[in-house]
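Student: When you get a sec, could you give me coordinates for this:
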Amino acid sequence: MEGRMQSKKYFFAGASVLGLAFILFLTSCDSIGAGITSSYTTINWETNAEGFKRFSTNDPRYHDYYFWKNYTNTPGEDIYEIEIKKISGAAEYGYGMVFCFNSSSMYAVFITINGSYTKIAKFTNNRNTVTPLTTYNDNNYDSSTVWSNNPHPYLNTGYGALNTIKIVKVGNSFTLYFNDDQNPTPVDTFIDPDSPLTGKALGGIVFVGDSTDEDFPGTPVDVRMKIK
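Tutor: Got it, this is the predicted structure:
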């Protein structure tokens, strides 16, 4: 299953973007604006020659949208793991993994090419309500944006840098790892104080920046994801 939604505030953008707030006002979009030309191209999580699922767009209709797609979790129902890299697009806008996905809800965690990352976010109410999970390490995160205060040393940085994002779920706790083949120490553990989601699917998610930060159509947002 795949989808898109429009964000009216910038939770998924890094802390350098103004107007940040955690509570998103999300509006699903079934119709989109006019003005399509042949110079605009969107590749919606298609498998490329390297075996990555590729999302790419240079279409200005999709400014301030995020796009996701989920797949069956083959490694194990309580371990969620992907490889992901961003080839181009505004550096401060997030991309990452969705997991425990079902028809109306999911969790997501985001990174940037600069090494920042978010708390795990819980999407409910047909993904119109977004709530951060709790952690004992709140001081590591900006209270208004839920982005990390500092880049994480386990994350590879720069365009084209490949990172592994892994979540291990035990009950209502979710332990986050980055590139755990080289760095087996967890990044953080988050708790869902309400009923944890039980969906089993996982996949990729990417946030397309606004018209000020993206350079469409010349430079697309291009993210590539593979399930481990």
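
Student: CA-only coordinates of stretch 187-200 in PDB, if you can.
Tutor: These are the backbone C-alpha positions of stretch 187-200, laid out as PDB (Å, rounded to 0.1, in the frame of the first residue of the first chain):
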ATOM      1  CA  VAL A 187      20.500   4.800  19.700                       C
ATOM      2  CA  ASP A 188      17.500   5.000  22.000                       C
ATOM      3  CA  THR A 189      14.500   3.100  23.300                       C
ATOM      4  CA  PHE A 190      11.000   4.600  23.000                       C
ATOM      5  CA  ILE A 191       7.800   3.600  24.800                       C
ATOM      6  CA  ASP A 192       4.200   3.700  23.500                       C
ATOM      7  CA  PRO A 193       2.200   4.400  26.700                       C
ATOM      8  CA  ASP A 194      -1.000   3.600  24.900                       C
ATOM      9  CA  SER A 195      -1.900   0.500  23.100                       C
ATOM     10  CA  PRO A 196       1.000  -0.300  20.700                       C
ATOM     11  CA  LEU A 197       0.200  -0.700  17.000                       C
ATOM     12  CA  THR A 198       0.100  -4.300  15.800                       C
ATOM     13  CA  GLY A 199       0.500  -3.900  12.100                       C
ATOM     14  CA  LYS A 200       3.400  -6.000  10.600                       C
END
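
Student: what separates that stretch from the chain centre, distance-wise?
Tutor: The gap between where stretch 187-200 is centred and where its chain is centred comes out at 16 Å by CA atoms, centre = their mean, to the nearest Å.

Student: In it, which residues are buried?
Tutor: By 16 or more other CB atoms under 10 Å, the buried positions in stretch 187-200 come out as Val187, Asp188, Thr189, Phe190, Asp192, Pro196, Leu197, Gly199, Lys200. All C-beta atoms are positioned from the backbone trio N, CA, C, and that covers glycine.

Student: just checking, Ala91 touches Asn114?
Tutor: Yes: contact status for Ala91 versus Asn114: in contact at 5.9 Å, counting by CB atoms under 8 Å.

Student: contacting residues for the nearest residue to Val146 once chain neighbours are set aside?
Tutor: Spatially, and ignoring its direct neighbours in sequence, Val146 is nearest to Lys119 (4.4 Å; CB to CB, 6 or more residues apart in numbering). Taking CB atoms under 8 Å, 6 or more residues apart in numbering, we find Lys119 in contact with Val109, Pro132, Leu133, Thr135, Tyr141, Val146, Asp188, Phe190.
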